[in-house]
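Colleague: Quick one, structure for this:
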Amino acid sequence: MPPKNYFLKHKKPYDWNVTDAFHLLEETNPQMPHSELLKQLKKNLVHARDAGTIAQSSEANRLLKSWKKIKKSLTYGEEEEEQEEQEHSMPILVVGDNAVIAGNNSVISGNITVGQVPSASGSKDGDDDDDAATTKTDKDATIDDTSDSEPESWGSVDPHPRRQLLRVYESSSYILTNDIGPSNHVIQQVDFSNMCKAYREKSIRGVQQRTQLCDGRILSLSFIFLLSCTQRCVLSTVPNKSIIMSAFQPNEQLQRANISVMEDCKLVTDFIEDACDEGVMKRHLADAYLKAQDRNDEVHVACLDILSSMMQRLNHWRSPDSLREEGLIKQALTSLADATLGKIANTESDWGTYTMKPHPKSKAKERFLPDYALYNDQVSSDMHIELMTIEVKASKPASNKHEADLVRLGKQMQIIIDKQLLFGIVNPVAVGVLVQGVQVSFYKMKLDGKGLYVLVHISTLHLMRSPSDTPLIPGLLERFMQLKTIIQESVQSLYSATERKQRGDAVCPELESNRKMMMRACSTPTHIILFVLSNTTPPRSIITAIMTIK
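Modeller: As a prediction, the model looks like this:
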């Protein structure tokens, strides 16, 4: 059944809005590439001109004469008033010898209709990027950045034989206008803002072609630009990436552990392997703790806290570990976080029960359920000011649960930046941790210019899987202490901003200027789930599963 014509449905031409017509067409056909949607929109205008009333025909003819301008506006965007975020239902498309199409809680009956996703292989400029590979989807719908796709291609590895998840970011979910200002960092022989602008333009073209993109490109739709020497990002094709990385100081506030920290870790490992007397080991740790306190060595004190915690949980640590989310949090993250982040004054933390909300004055609308959140609840009675977030695979269910862990983490850190700016911090900094299996990655974010939320990958290390992995503690501890120092500075900035408000000081020009740099994040994508059926008749269990997904 052909889609309804927006222009014939609205009898009065002065009620027509071409952008609304395009978005309605896109919501109805989320799998259709941008170019095909434009063709369909033009066909609807031609139909309205030929079959409509005199007034409709006249207005449709006027719009067709200015079609080039309309097409450019819908493709590249223009400055518009803020639009309300829309929640999209999840349409489902089943492809095979027989197929089922469902969406908007519709009931399937009668013959099965075969659906086919329109190909975007013929789209312009769609096959010349080496880091925008599509991503393999697993049962958690996460993105794998290790895709071995061919260079200079949008393509990816083969999809799962039974299931493929296509994330469709409709044009109404992100800002088309690429309004990115100059960077605050002066980098020799590098125009960083233009580099990010070109990167985002490429990402938008890929989204319009209905291509699945890597995490870095999806983040760029929210004006978040990932900088990393090991992940696909803005720097993937840049020869002097180390110069750009050093300009954003990934090792800022890093304090290295001394030799006594490593010696104590090795001593605990020897104790566990040799099955020595636990009382002797505890007395040694207690003596070392007092000496570290006398030296005011925070890193060593934190290390001894972690080792003491491991000693108390020795029986639990020796139990089989399947590396599930709960096990990771209970065994490794809790020990590390409690010994470092848990000792920051004027902060509270939550594991798995916290809801992160945007600032009431922010353009963002999405809420998140991070696995861990560190926040201040004292400076404001209306809201919490977050300082740090941790995402652990797999995340708790949320309205945006089908986005990759890194994308969720980046958008949560963007909320932290906006909240701190709107509260009164001139140069906000957000930090975050992403845990995937035994890998733990550390990130920090700064607002480097208009629409330039720079997400810097600090480091990736491995978590302890057993007490024998104590040699991993010093490296992890250094990074957690680095985050702790950054957070402590943010807390001080919060209270300084509170004092300025209490004194009635005017908003400084730099703060007002930085607030104008904020941009709206991309909202949750629409999802098309493809179940490839090998049999001629789909099993009833598969159809039942399709009917229950919303």
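
Colleague: pLDDT value on residue 532, please?
Modeller: We have a pLDDT of 46 for residue 532.

Colleague: Correction: the previous question concerned residue 27.
Modeller: pLDDT for residue 27: 85.

Colleague: swap in residue 162?
Modeller: Per-residue confidence at residue 162 stands at 42 (pLDDT).

Colleague: again with residue 309
Modeller: Residue 309 is given a pLDDT of 76.

Colleague: Counting neighbours, what do you get for it?
Modeller: Per other C-beta atoms under 10 Å, the neighbour tally for residue 309 reads 15. Quick note: C-beta positions are derived from backbone N, CA and C, even for glycine.

Colleague: is it true that it touches residue 336?
Modeller: No: the criterion here is C-beta atoms under 8 Å, and residue 309 misses it with residue 336 at 9.3 Å.

Colleague: How about the backbone phi and psi for residue 190?
Modeller: Note on residue 190: its backbone torsions stand at phi -130, psi 130 [degrees, to the nearest 10].

Colleague: again, but for residue 432
Modeller: When read as degrees, to the nearest 10, the backbone of residue 432 gives phi -150, psi 160.

Colleague: likewise residue 442?
Modeller: phi -110, psi 140.

Colleague: Same question for residue 29.
Modeller: Torsion angles, degrees, to the nearest 10, at residue 29: phi -130, psi 70.

Colleague: Grab the nearest non-local neighbour of residue 520.
Modeller: residue 363 (4.0 Å; C-beta to C-beta, 6 or more residues apart in numbering).

Colleague: Residue 239: how many residues sit nearby?
Modeller: Close neighbours of residue 239, defined as other C-beta under 10 Å, add up to 7.

Colleague: Just the pLDDT for it.
Modeller: Looking at residue 239, its pLDDT is 81.

Colleague: before we move on, what about residue 290?
Modeller: The score at residue 290 is 86. That number is its pLDDT.

Colleague: Would you confirm that the residue nearest to residue 520 contacts residue 523?
Modeller: No: using C-beta under 8 Å as the test, residue 363 is too far from residue 523 to be in contact (10.7 Å).

Colleague: Which residue of those two possesses the greater neighbour count?
Modeller: More neighbours sit around residue 523 than around the other of residue 363 and residue 523, counting by other C-beta under 10 Å; the figures are 23 against 15.

Colleague: Now the more buried one: closest residue in space, sequence neighbours ignored.
Modeller: Using C-beta to C-beta, 6+ apart, the nearest residue to residue 523 is residue 173, at 4.4 Å.

Colleague: which residues does the one you found contact?
Modeller: Residues in contact with residue 173, defined by C-beta atoms under 8 Å, 6 or more residues apart in numbering, are 221, 522, 523, 524, 525.

Colleague: pLDDT value on the most centrally placed residue in the chain, please?
Modeller: The centre of the chain sits closest to residue 407, judged by C-alpha atoms, centre = their mean, with a distance of 1.5 Å. On pLDDT, residue 407 comes in at 92.

Colleague: sec struct for it, please.
Modeller: helix (DSSP: H, G, I helix; E, B strand; the rest coil).

Colleague: Give me the distance between it and residue 218.
Modeller: Going from residue 407 to residue 218 by C-beta to C-beta, to the nearest Å gives 5 Å.

Colleague: next one: phi and psi at residue 429?
Modeller: phi -130, psi 130.

Colleague: For it, grab the count of nearby residues.
Modeller: Per other C-beta under 10 Å, the neighbour tally for residue 429 reads 21.

Colleague: Can you tell me the number of residues neighbouring residue 4?
Modeller: Neighbours of residue 4 under the rule other C-beta under 10 Å: 12.

Colleague: Next, it: secondary structure please.
Modeller: Residue 4 - assigned by three-state DSSP - is coil.

Colleague: and it, how far is that from residue 48?
Modeller: Residue 4 is 12 Å from residue 48, by C-beta to C-beta.

Colleague: go on, residue 339?
Modeller: The gap separating residue 339 from residue 48 is 67 Å, by C-beta to C-beta.

Colleague: Identify the farthest-apart pair in the contacts of residue 173.
Modeller: Spatial extent of the contacts of residue 173 (C-beta to C-beta) is set by the pair 221 and 524 at 11.5 Å.

Colleague: picking up where we left off before, same list as before, the contacts of residue 173 that is, but in TSV and with distance to residue 230 and pLDDT included.
Modeller: Listed next are the contacts of residue 173 as TSV, based on distance: C-beta to C-beta, whole Å; pLDDT from 0 to 100:
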residue	distance to residue 230	pLDDT
221	22	92
522	24	87
523	29	85
524	27	82
525	26	84
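
Colleague: in the helix or strand containing residue 479, what's buried?
Modeller: Taking DSSP states H and E as the criterion, the element that holds residue 479 is helix 473-503. For helix 473-503, the neighbour count (16 or more other C-beta atoms under 10 Å) marks 473-474, 476-488, 490-491, 493-494, 497-498 as buried.

Colleague: same question, stretch 261-275
Modeller: 261, 262, 264, 265, 267, 268, 269, 271, 272.

Colleague: Just give me the closest of those residues to residue 423.
Modeller: Of all the buried residues of stretch 261-275, residue 261 has the smallest distance to residue 423: 36.2 Å, by C-beta to C-beta.

Colleague: Contact partners for the closest residue to residue 14 other than its chain neighbours?
Modeller: In space, and not counting its chain neighbours, residue 14 is closest to residue 59: 8.0 Å by C-beta to C-beta, 6+ apart. By C-beta under 8 Å, 6+ apart, residue 59 lies in contact with 13, 14, 16.

Colleague: where are the low-confidence patches of this structure?
Modeller: 1-3, 78-165, 275-278, 312-331, 394-402, 467, 528-550 (pLDDT under 70).

Colleague: all strands for it, in order.
Modeller: Taking DSSP state E to define them, one finds strands in the chain at 92-93, 101-102, 164-168, 224-227, 348-351, 372-376, 385-392, 429-436, 439-447, 453-462, 526-530.

Colleague: Residue 447 pairs with what?
Modeller: Residue 447 has these beta-bridge partners by DSSP bridges: residue 453.

Colleague: That one contacts residue 519, correct?
Modeller: No: Residue 447 is beyond contact range of residue 519, at 9.5 Å (criterion: C-beta under 8 Å).
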